[in-house]
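>>> just a sequence and a predicted model for now, questions to come.
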Amino acid sequence: MPEEKYPEVVMPQCEAERVLKGQKALVTGANSGIGKAVAIGLGQAGAEVVVNFVHGDDEAAEVVGQIRKTGSRAYAHRADVSKEDQVQAMFQKMLSEFGTIDILINNAGLQKDAPIDEMTLADWNLVINVNLTGQFLCAREAVREFKRRGVVKAVSCAAGKIIHMSSVHEIIPWAGHVNYAASKGGVMLMMKSIAQEVAPYRIRVNSIAPGAVRTPINTAAWQTPEAYESLMKLVPYKRIGEPEDIARAAVWLASDQADYVNGVSLIVDGGMTLYPGFATGG
């Protein structure tokens, strides 16, 4: 594989348009990876941001600092999104600090991989509880506030926006990862069902389904040239995604520029779901 295809992609540097000015956002799992990039991207776009995390105080504080450098308010809040009482306390704190919520980015997630015949019930439950139940608990609290407050036209066309972080594995089966794939398939239909239910309240609910993205959760897939070359067999665009690719998609989906987009899984994957194995006829 040519050497120039392996190094990290240099993303274009341009001043973010403040399309989310005055809006209040909560990003779960925001102290690293995709969540970190999304939280900073929302701040650059003018939103005030709650940086949720469960481990990594220093990393969360660093994200808060980067958001504040953009001129937006931010603070970090430790909470396990799979725990109902902690989610409710997190929302109560946000309403006390920021007055309301306009944008929820349901990003927190994890993997505990094993062959199906070796997977423990504890590992199944952990992934489902964080990746699926956690997104339900946060969405429920956000919808309650969106319905209570309604549309504030000076802030947004919508009463609220929820963006679920899914995966290409809401479509692509993934042997050895049945708990993760099941959680993301569940996120997809949960998102669509919530979107259908709350659309009359002018609440927009969508998902982003990333493909291979350069994050700590999948280091083994891209850390060496050999691993990267193998991964590129699955990506027609021939580069790995960067967290900023997902952040830009999230900012757009959360903005009024996407006001007529509802109930959609926006796939951001460099073509991974195009079945690249069939590019030469199968």
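Received it, and whenever you're ready, just let me know what you need.

>>> so after whatever helix or strand Ala247 lives in, what's the next helix or strand?
Secondary structure from DSSP states H and E places Ala247 in helix 243-254. Next along the chain after helix 243-254, taking DSSP H and E as the criterion, comes strand 265-268.

>>> what is the helix holding Ala247 packed up against?
helix 33-44, strand 103-106, strand 160-165, strand 203-210, strand 265-268 (3 or more CB pairs under 8 Å, 6 or more residues apart in numbering; DSSP states H and E). C-beta here means a position set from N, CA and C on the backbone, and glycine is covered the same way.

>>> what does it contact?
Residues outside helix 243-254 that contact it (CB atoms under 8 Å, 6 or more residues apart in numbering): 11, 16, 19-20, 23, 25, 33-34, 36-38, 40-42, 44-45, 47, 103, 105, 161, 163, 165, 206, 208, 210, 213-215, 258, 261, 266, 268.

>>> buried sites along that helix?
243-251, 253-254 (16 or more other CB atoms under 10 Å).

>>> what's the answer for stretch 195-207, then?
Buried-residue list, stretch 195-207, by 16+ other CB under 10 Å: 195, 198, 202-207.

>>> which pair of these spans the longest distance?
Farthest-apart pair in the buried residues of stretch 195-207 is Arg202 and Ser207; separation 18.8 Å (CB to CB).

>>> pull the contacting residues for the closest residue in space to Gly160 that isn't next to it in sequence.
Spatial nearest neighbour of Gly160, chain neighbours left out: Phe146 (3.2 Å); criterion: CB to CB, 6 or more residues apart in numbering. By CB under 8 Å, 6+ apart, the residues touching Phe146 are 101, 159-160, 198, 201, 203.

>>> look up how far Leu121 lies from Phe146.
As defined by CB to CB, to the nearest Å, Phe146 lies at a distance of 35 Å from Leu121.

>>> report pLDDT for Glu15.
Looking at Glu15, its pLDDT stands at 51.

>>> my bad, should have said Lys83
98.

>>> neighbours of it, how many?
17 (other CB atoms under 10 Å).

>>> do the same with Pro276
Pro276, neighbours per other CB under 10 Å, totals 16.

>>> quick one, phi/psi of it?
phi -60, psi -20 (degrees, to the nearest 10).

>>> spatially, which residue comes closest to it, not counting chain neighbours?
Pro236 (5.0 Å).

>>> host element of Val127?
Per DSSP H and E: helix 121-128 holds Val127.

>>> helices of this structure, start to end?
33-44, 57-69, 84-98, 121-128, 134-149, 178-198, 225-232, 243-254 (DSSP state H).

>>> any idea which of those gets closest to Met272?
Per CB to CB, nearest to Met272 of the helices of the chain: helix 225-232, 9.6 Å.
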